[in-house]
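Trainee: Structure for the following, please:
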Amino acid sequence: MTVAIASHEGTAQSASSDRLPGEGAVLAAQSLTRRFGEVLAVDALSLSVGEGELYGLVGPDGAGKTTTIRLLAGLMEPDDGEAFVLGQSNRNADVELREAIGYMPQQYSLYGDLSINENLRFFGRLFGLKRGDFDARSKRLLRITRLERFGDRRADALSGGMYKKLALACALLHQPKALILDEPTNGVDPVSRRELWDLLYEFVADGMAVLLATPYMDEAERCHRVGLIHHGALLAEGSPRAMTENATQQTYVLGSDQRGELEAALDLRSEVLSLTPHGASVRVVVHADGADRFNSWAGTLDLLSSFEQVRPDFEDVFLGLLAEDQLNNNGDVASESPAA
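Mentor: Numbering: from 1, shown residues only. Predicted coordinates for the structure are as follows:
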């Protein structure tokens, strides 16, 4: 079940609110469901992205992010539920509705034997752009992506960061209302990653709705709102700040000269939801109902050199919710972890 934490100021509310599906949102999903044989890839998922909003779909590999992205982009039909673009269902969408979306897939999708300029011209023709519109838009996109000097370089000779920026430019040529990105910074160097985020903020400031999938917790914290997804369902949704401020789980940092023994002891505690090594210390997320028991137990542990309760960060919140979801579904506490 989705836990609606909070929506950030000045942005659209969640699709789980009282309004009609897709109403007032650029992108929306209402009870989207998709199966692949016995596998339930997307489980009655609902969300919305408003104009000028950057929404992050966050989860580990295999959580259902890419399938959700493809359903929203109209590249795949849901088994149940509906995806909306500008308030209209994208089932059998017409050309005008499809052109409202810019889509950048996770996998490499450009023509490697074409240059930067040739790829842009190809996509310009694909979108049916007039010569004057194409010239003006491609010039601007090359400038803001800093690819102007490399127009004759083949796509398969570009670095990971340059390739992603070219793919982004191609997805934006037709000036879509919504931009959908599937793990856009995967395989990108830190400098290009920062530049890519600067571009996203610029587009959002101009009113574009941006939905991106990411496994990275630091990227999730840069979004206006996030949806935490696991096994195809949203565990929680809201602003990263509100999620950390309203977290019910408790977070502790435990120091020890015998970290291996400490981790083994922590693994036996049922109230521990997750533990993450940090040098000689271990960062531990504890279920709210078990905090008193954990404190009492830790107070008698000779292994500890330090013990401190700390403010949870976004990764703590995600790991705690992930573990609670596993426990609620009669599974073991999750061993999978998002990227830091």
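Trainee: if I pick the closest residue to E221 other than its chain neighbours, what's in contact with it?
Mentor: Among residues not flanking E221 along the chain, P240 sits closest, at 4.6 Å (C-beta to C-beta, 6 or more residues apart in numbering). No exception for glycine: its C-beta is placed from N, CA and C like everyone else's. The contact partners of P240, by C-beta atoms under 8 Å, 6 or more residues apart in numbering, come to A220, E221, C223, V226, F314.
Trainee: Any idea which helix or strand in the protein has the lowest mean pLDDT?
Mentor: The helix or strand with the lowest mean pLDDT-type score in the chain, counting by mean pLDDT, DSSP states H and E, is strand 3-6 (a mean of 40).
Trainee: of all the contacts of P240, which comes closest to L142?
Mentor: Taking C-beta to C-beta as the measure, L142 sits nearest to C223 out of the contacts of P240, at 26.7 Å.
Trainee: what residues are up against that closest one?
Mentor: L54, Y55, G56, L212, P240 are the contacts of C223 under C-beta under 8 Å, 6+ apart.
Trainee: and L75, how many residues sit next to it?
Mentor: 15 (other C-beta atoms under 10 Å).
Trainee: With adjacent residues omitted, what lies nearest to it?
Mentor: Y103 (7.5 Å).
Trainee: Next one: that neighbour from A73, what distance?
Mentor: Counting by C-beta to C-beta, to the nearest Å, the separation of Y103 from A73 is 5 Å.
Trainee: could you dump the contacts of P240 to a markdown table with pLDDT, distance to D206 and secondary structure?
Mentor: As requested, the contacts of P240 are exported to a markdown table (pLDDT from 0 to 100; distance: C-beta to C-beta, whole Å; DSSP: H, G, I helix; E, B strand; the rest coil):
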| residue | pLDDT | distance to D206 | secondary structure |
| --- | --- | --- | --- |
| A220 | 93 | 22 | helix |
| E221 | 93 | 22 | coil |
| C223 | 96 | 17 | coil |
| V226 | 96 | 22 | strand |
| F314 | 92 | 27 | helix |
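Trainee: For those, name the two members farthest from one another.
Mentor: The widest separation within the contacts of P240, taken as C-beta to C-beta, falls between C223 and F314 and amounts to 10.3 Å.
Trainee: what ranges do the helices span in the protein?
Mentor: 65-72, 95-98, 116-126, 131-144, 160-172, 190-205, 217-220, 240-245, 259-267, 291-298, 314-328 (DSSP state H).
Trainee: Now the weakest link among these, please, by mean pLDDT.
Mentor: The minimum mean pLDDT among these belongs to helix 95-98 (a mean of 77).
Trainee: chain center to that helix, what's the gap?
Mentor: Put simply, helix 95-98 sits 25 Å off its chain's centre (C-alpha atoms, centre = their mean, to the nearest Å).
Trainee: ok so, going back, which neighbours do Y103 and A73 share?
Mentor: Going by C-beta under 8 Å, 6+ apart, residues that sit against Y103 and also against A73 are I180.
Trainee: if we take the contacts of P240, which one ends up nearest to A41?
Mentor: Nearest to A41 out of the contacts of P240 is V226 (C-beta to C-beta; 19.8 Å).
Trainee: can you pull the contacts of the closest residue to the closest one other than its chain neighbours?
Mentor: Using C-beta to C-beta, 6+ apart and skipping residues adjacent in sequence, the residue nearest V226 is G56, 4.3 Å away. By C-beta under 8 Å, 6+ apart, the residues touching G56 are L212, A213, T214, E219, A220, R222, C223, R225, V226, G227.
Trainee: Can you add distance to A28 and give the residues you listed back as JSON lines?
Mentor: Formatted as JSON lines, the contacts of G56 follow (distance: C-beta to C-beta, whole Å):
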{"residue": "L212", "distance to A28": "16"}
{"residue": "A213", "distance to A28": "16"}
{"residue": "T214", "distance to A28": "20"}
{"residue": "E219", "distance to A28": "22"}
{"residue": "A220", "distance to A28": "20"}
{"residue": "R222", "distance to A28": "22"}
{"residue": "C223", "distance to A28": "17"}
{"residue": "R225", "distance to A28": "13"}
{"residue": "V226", "distance to A28": "16"}
{"residue": "G227", "distance to A28": "12"}
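Trainee: which of those sit farthest apart?
Mentor: It's R222 and G227 that sit farthest apart of those, by C-beta to C-beta, at 14.7 Å.
Trainee: Comparing these two, which residue is more hemmed in?
Mentor: G227 (30 against 16).
Trainee: who's that one bridged to?
Mentor: Beta-bridge partners for G227, by DSSP bridges, are L57, E237.
Trainee: That one is in contact with A63, isn't it?
Mentor: No - using C-beta atoms under 8 Å, G227 makes no contact with A63, being 10.5 Å away.
Trainee: how far does stretch 144-157 stretch from start to finish?
Mentor: 20 Å (C-alpha to C-alpha, to the nearest Å).
Trainee: From the chain's centroid, how far away is that stretch?
Mentor: Offset of stretch 144-157 from its chain centre (C-alpha atoms, centre = their mean): 27 Å.
Trainee: Distance check, H224 against A169.
Mentor: On the measure of C-beta to C-beta, H224 and A169 end up 23 Å apart.
Trainee: To clarify, my last question referred to T300.
Mentor: Applying C-beta to C-beta to T300 and A169 gives a distance of 60 Å.
Trainee: who's more crowded, those two?
Mentor: A169 (23 against 7).
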